[in-house]
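Novice: Kindly generate the corresponding structure for this input.
(chains A and B, ligands or ions: 1)
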Amino acid sequence: MSDAERKDTPEQAEFRAHCKDWLENNHPGRPDVRLPQGALELSDPDALAYLQSWQKSAYDAGMIGCDYPKEFGGGGRENCQAIANQEMQRAKTPYLPNVIGMGMAAPTIFFHAQDDVKAEVLPKLLSGEHIWCQGFSEPGAGSDLANQQTFAERDGDNWVINGHKVWTSLAHFAEWMILLCRTNKDDKYNGLSYFVVPIRENLDKGITVRPLIKMTGETGFNEVLFDSVVVDDRYRLDEVGAGWKVAMTTLAHERGAGPLVTPASGGMPLEEDESAQTSSVYALIELARQQERHGKSAADDPLIRDELMQIMIRQQAFNQNLRRAGIPALNDHPMRIPLQFKLVATEMVQDLQNIAYEIEGAASTLYVNDENSPASGRWKLAYMNSFGMTIAAGANEVQRNILGERVLGMPKSK
Amino acid sequence: MSEQPKNFGFGEDETMLRDSASKFFADNCSPDKIHAQVAHNPDIHRPIECIWDKNLWQQVVELGWTAVCVPESAGGVGMPLVAAAAIAEEVGKAAFPSPLLSTYYATFVLNACGTDAANKALTDIVTGTPTTLAITNEKGSWSSSDTDVSIKDGKLNGTAWFVQDAKKCDRFIVSAKGEQGIGLYQVEANAAGVEITADGIIDLTRDQAHIEFNNVEAVALAAEGDGDKALDEAMPAILTIISADMVGAGEWLLQTTVEYAKTRIQFDHPLGFFQAVKHPLVNVMLDIDRAKSLVYNAACSIDCGFDDAELNARMAKSQASEMAVFASSRAVQYHGGIGFTWECYIHLFFKRQMHNQVIYGDGKHQRTILADMVIGQAA
Ligand SMILES: Cc1cc2nc3c(=O)[nH]c(=O)nc-3n(C[C@H](O)[C@H](O)[C@H](O)COP(=O)(O)OP(=O)(O)OC[C@H]3O[C@@H](n4cnc5c(N)ncnc54)[C@H](O)[C@@H]3O)c2cc1C
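Specialist: The predicted structure follows:
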């Protein structure tokens, strides 16, 4: 019995038993299609369909949205989502596709929307039938998120919205969008408002979704244009002008620091061969054993060996930081380690994948479209994609500002 | 890897001990006091001195800190290594000049010897005999099988080098080569035939010496052929404690530099407003936290007797050594001209870090060994 299980209340223990039981008989098995590394990179409709059907069956079995009230499509339980997550991950299930919906939109809607809107949108959000996207970033509003230019103008019971969103992951599949925009041009922060927008039904009524192509050649995110799109006032969250406050609920949950636990499954290896996992130092060592550099095994090259050990130490330090973060006696500031996670994890993975380039030597020039590319070019693809993670969700330089200011107490930088 | 206690085995007793150490150093060991003591003579050709406060050592013994790692069977308290790691962190934070950590290293080796003579030596450590290891050759090899001292007919001859805190210690544990291999021997500092020559070292907060043995009578602690094994067995704990010292000193350097970055104004802003200062200081913090977690993990896996103890300890020493260099370089740099002076306390910690990072193997050396363990020997 694990530590977590020992602490279960009777209700939780019963729920855990139900999850275990269901998962034993209902693992969806491996798909026929290739899955990308994460839901935000989904571009193949068949991969999406497979994942949506997994999310729907897990939802029907009560493992998604457990802690939301029944009238909004949830399970009406308390503190059970974390248990479902643990069991789904233990069973090595596929990941869930509706990540923005569950991780950002649902908690924001739950805390800030009218009840009839919650009842309208949350059930299909949680079941994964409706994919959601996040319309925050704009050409002129990235790290400086409050610099929103997309404008919503009041028109009776409706709003008319004009503007331009960028980097909108999953918009190409999305039914709905959470939208931050401006309703008052005179006040940077208090002039913002927050809406949920049915973008799919507006595709011929002013919404245009255009794929943006990543440096890898893959699609995944989009730009979304608003040309006089009409949105019912019911779909406004909280007060006019309270958009910044509402957005903070979204961002807190995005960082895993909000009160509601995000449904998360996962653990199924993307490749049949576990040693091909591009975020594991042991897979990297395996790659080094297989590759030659300048006529000898990369695993015998002293400089490569040193780099491998450096990254192994960082990975172990990351795991031990996770462990130490839970021990108040060994932390001088409660947020000192938690606020490091995003920054440290994304840079560690990026550097790890960069070492693969070095290990491959001359063959590192070969891409996924070359049959001689080591590991089918996965490491190079993963390295390029790693920049999505160091830039998105608060660029790492912004993370360093936050750490320097909130933890070390240095003065705020611009 | 095996399952370990979630809290590293760091419980209430350990927390209390750490807090009392922290208070002890705040009361007795402020940086200005230490600076006035050990840095009284900046002359680059100054005579070699060994400066420390014996009175404080007596208090440390009375507080029971020398007994922390000695098993109850030898009159000690037998606390887990995480307790000693917590003390070592506070020692580093205060740059405390004392033979305490050297005595810990000796304790680990004596624990590994497991002989009656070693047990007796442990009892003396509890009552306050400062003890240090004399196990390094002239070339500074980090291998337990290298020594320039020989043993024949119960007599030691040769020289041990890079002996830490030698002038503060009353007793040495000497590794010597005999016909059957490496043994370990106990020698009193005042024994006939022992000649201690102090080294002129950079670190002002400790002393170091080379010790010549001329037909010195020796008590065997580990028989010929067992000595290098005892040293190898003790090495993970030694590396962990040195690393903990570096973590403490790193934290002092970070906090002191952050404080300066909050108060020193240039271009109408405190220095910490500028990201060229702020971001590297955050990187120093990330490096310290990595090292600290690796230290407690290593200590805990040693306490649990797991096979991966050496692996974890070498990871900790590698990370702590790299951090020590980085934290001290950034501290000097961001203090500007004042940080470059003798008058500023930074150099005490800078020099201690540079000393510690190389003792018993720097980061690169640790990673060379780790690579052999994890990847296998290179062809
Ligand atoms: C893969 C991916 C998926 C994304 N998905 C979404 C999505 O679904 N919805 C959405 O709304 N947005 C999304 N984004 C957008 C993301 O939130 C922004 O890219 C991010 O906030 C940075 O904004 P920017 O790209 O405009 O860069 P800028 O703000 O122009 O910054 C450029 C660079 O300057 C540096 N920088 C910026 N500010 C500072 C500062 N204060 N101090 C120091 N350095 C600084 C950083 O290095 C930063 O990377 C996604 C981005 C990526 C890469």
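
Novice: CA only for contacts and neighbour counts going forward, please
Specialist: Noted.

Novice: Kindly export stretch A:83-97 (C-alpha atoms) in CSV.
Specialist: The C-alpha trace of stretch A:83-97 is given here as CSV (Å, rounded to 0.1, in the frame of the first residue of the first chain):
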residue,chain,number,x,y,z
ILE,A,83,-7.0,9.7,-6.6
ALA,A,84,-8.4,9.1,-10.1
ASN,A,85,-5.2,10.7,-11.5
GLN,A,86,-2.9,8.5,-9.4
GLU,A,87,-4.8,5.4,-10.5
MET,A,88,-4.9,6.4,-14.2
GLN,A,89,-1.2,7.0,-14.2
ARG,A,90,-0.5,3.8,-12.4
ALA,A,91,-2.4,2.0,-15.1
LYS,A,92,-0.3,3.7,-17.7
THR,A,93,-3.2,5.1,-19.6
PRO,A,94,-3.0,7.5,-22.6
TYR,A,95,-3.0,11.3,-21.9
LEU,A,96,-6.2,13.3,-22.1
PRO,A,97,-6.8,15.6,-25.1
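
Novice: Any idea how many residues pack against residue 81?
Specialist: No chain in the question, so chain A it is. Using other Cα atoms under 10 Å in any protein chain shown, A:Q81 has 25 neighbouring residues.

Novice: wait, I meant chain B there
Specialist: 26.

Novice: Please, which helix or strand holds whatever residue of the stretch 51-200 of chain B ends up closest to chain A?
Specialist: Nearest residue of the stretch 51-200 of chain B to chain A, counting by Cα to the nearest Cα: B:A86, 9.3 Å away. Here B:A86, judged by DSSP states H and E, is contained in helix B:81-94.

Novice: I'd like to know which elements the following helix or strand past that helix is packed against.
Specialist: With elements assigned by DSSP H and E, the helix or strand that comes after helix B:81-94 is helix B:100-113. Helix B:100-113 is packed against helix B:116-126, strand B:131-134, strand B:219-222, helix B:227-263, with contacts defined by 3 or more Cα pairs under 8 Å, 6 or more residues apart in numbering or on different chains; DSSP states H and E.

Novice: and if we set it to 6 Å?
Specialist: strand B:131-134, helix B:227-263 (3 or more Cα pairs under 6 Å, 6 or more residues apart in numbering or on different chains; DSSP states H and E).

Novice: Check those for me and report the most buried one.
Specialist: strand B:131-134 (a mean of 29; mean count of other Cα atoms under 10 Å in any protein chain shown).

Novice: Run a quick neighbour tally on A:G409.
Specialist: With other Cα under 10 Å as criterion, A:G409 counts 15.

Novice: In contact with it, which residues?
Specialist: A:G409 makes contact with no residue under the criterion Cα atoms under 6 Å, 6 or more residues apart in numbering or on different chains.

Novice: Quick one: classify it as helix, strand or coil.
Specialist: State at A:G409, reduced to three classes by DSSP: H, G, I helix; E, B strand; the rest coil: coil.

Novice: Return the residues of chain B in contact with chain A.
Specialist: B:262, B:272-273, B:279, B:282, B:290, B:293-294, B:315, B:367, B:378 (Cα under 6 Å from any Cα of the partner chain).

Novice: So which of those residues is the closest to A:A298?
Specialist: Distance from A:A298 was checked for each of those by Cα to Cα. The minimum falls on B:A378, at 9.7 Å.

Novice: How about the closest one: what's its closest non-neighbour residue?
Specialist: A:D300 (4.6 Å; Cα to Cα, 6 or more residues apart in numbering or on different chains).

Novice: any idea how far A:T365 is from that neighbour?
Specialist: 21 Å (Cα to Cα, to the nearest Å).

Novice: Please identify which of those two sits among more neighbours.
Specialist: More neighbours surround A:D300 than the other of A:D300 and A:T365, with 20 against 12 (other Cα under 10 Å).

Novice: pretty sure the more buried one contacts B:Q377?
Specialist: No. Between A:D300 and B:Q377 there is no contact under Cα atoms under 6 Å: 7.8 Å.

Novice: now the strand or helix carrying A:I313: how far from the chain's centre is it?
Specialist: In this assignment (DSSP H and E), A:I313 forms part of helix A:302-324. Here the centre of helix A:302-324 is set off from its chain's centre by 24 Å, with Cα atoms, centre = their mean, to the nearest Å.

Novice: Only C-alpha atoms, please: export it in CSV.
Specialist: Taking C-alpha atoms only, helix A:302-324 is exported to CSV below (Å, rounded to 0.1, in the frame of the first residue of the first chain):
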residue,chain,number,x,y,z
PRO,A,302,35.0,11.5,-21.9
LEU,A,303,33.4,14.8,-22.8
ILE,A,304,30.1,13.1,-23.7
ARG,A,305,30.3,11.0,-20.5
ASP,A,306,30.7,14.2,-18.4
GLU,A,307,27.7,15.8,-20.1
LEU,A,308,25.6,12.7,-19.5
MET,A,309,26.5,12.7,-15.8
GLN,A,310,25.7,16.4,-15.5
ILE,A,311,22.3,15.9,-16.9
MET,A,312,21.7,12.7,-14.8
ILE,A,313,22.6,14.7,-11.7
ARG,A,314,20.2,17.5,-12.6
GLN,A,315,17.4,14.9,-13.1
GLN,A,316,18.1,13.4,-9.8
ALA,A,317,18.3,16.8,-8.2
PHE,A,318,14.9,17.6,-9.7
ASN,A,319,13.3,14.5,-8.3
GLN,A,320,14.9,15.1,-4.9
ASN,A,321,13.6,18.7,-4.9
LEU,A,322,10.1,17.4,-5.5
ARG,A,323,10.7,15.3,-2.4
ARG,A,324,12.2,18.0,-0.3
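
Novice: all strands in chain B, in order from the N-terminus.
Specialist: B:131-134, B:149-152, B:155-164, B:171-178, B:181-188, B:194-198, B:208-217, B:219-222, B:265-266, B:269-270 (DSSP state E).

Novice: Identify the spatial nearest neighbour of the residue most central in space within chain B, chain neighbours not counted.
Specialist: The centroid of chain B falls nearest to B:I242 when counting by Cα atoms, centre = their mean (3.5 Å). Distance criterion Cα to Cα, 6+ apart; nearest residue to B:I242, sequence neighbours excluded, is B:N356 at 6.7 Å.

Novice: Let me know which of the strands of chain B is the nearest to A:A171.
Specialist: It is, among the strands of chain B and with distance given as Cα to Cα, strand B:269-270, at 42.9 Å.

Novice: Can you tell me, leaving aside adjacent residues, what's nearest to B:L311?
Specialist: B:L370 (6.6 Å).

Novice: Model confidence at the closest residue to B:I87 other than its chain neighbours, what's the number?
Specialist: Among residues not flanking B:I87 along the chain, B:R18 sits closest, at 5.8 Å (Cα to Cα, 6+ apart). pLDDT, B:R18: 98.

Novice: quick revisit: in contact with the residue of the stretch 51-200 of chain B closest to chain A: list those residues for me.
Specialist: Counted by Cα under 6 Å, 6+ apart, B:A86 has contacts B:R18.

Novice: Next: A:F136.
Specialist: Contacts of A:F136 by Cα under 6 Å, 6+ apart are A:L180.

Novice: can we see that at 8 Å?
Specialist: A:145, A:165, A:178-181 (Cα atoms under 8 Å, 6 or more residues apart in numbering or on different chains).

Novice: for the ligand, what are the nearby residues on chain A?
Specialist: A:133-137, A:141-144, A:167-169, A:388, A:391-395, A:397-398, A:414 (Cα under 6 Å from any ligand atom).

Novice: ranges for the helices of the stretch 1-150 of chain A?
Specialist: Counting by DSSP state H, counting those that start in this stretch, the stretch 1-150 of chain A has helices at residues A:3-6, A:10-26, A:45-60, A:81-90, A:99-100, A:106-112, A:115-127.

Novice: just for chain B, where's the confidence low?
Specialist: Counting by pLDDT under 70, the ranges of chain B that qualify are B:1-3.

Novice: Output the below-cut-off pLDDT ranges for chain A.
Specialist: A:1-4, A:272-276.

Novice: Let's check: the centremost residue of it is which one?
Specialist: A:V99 (5.8 Å).
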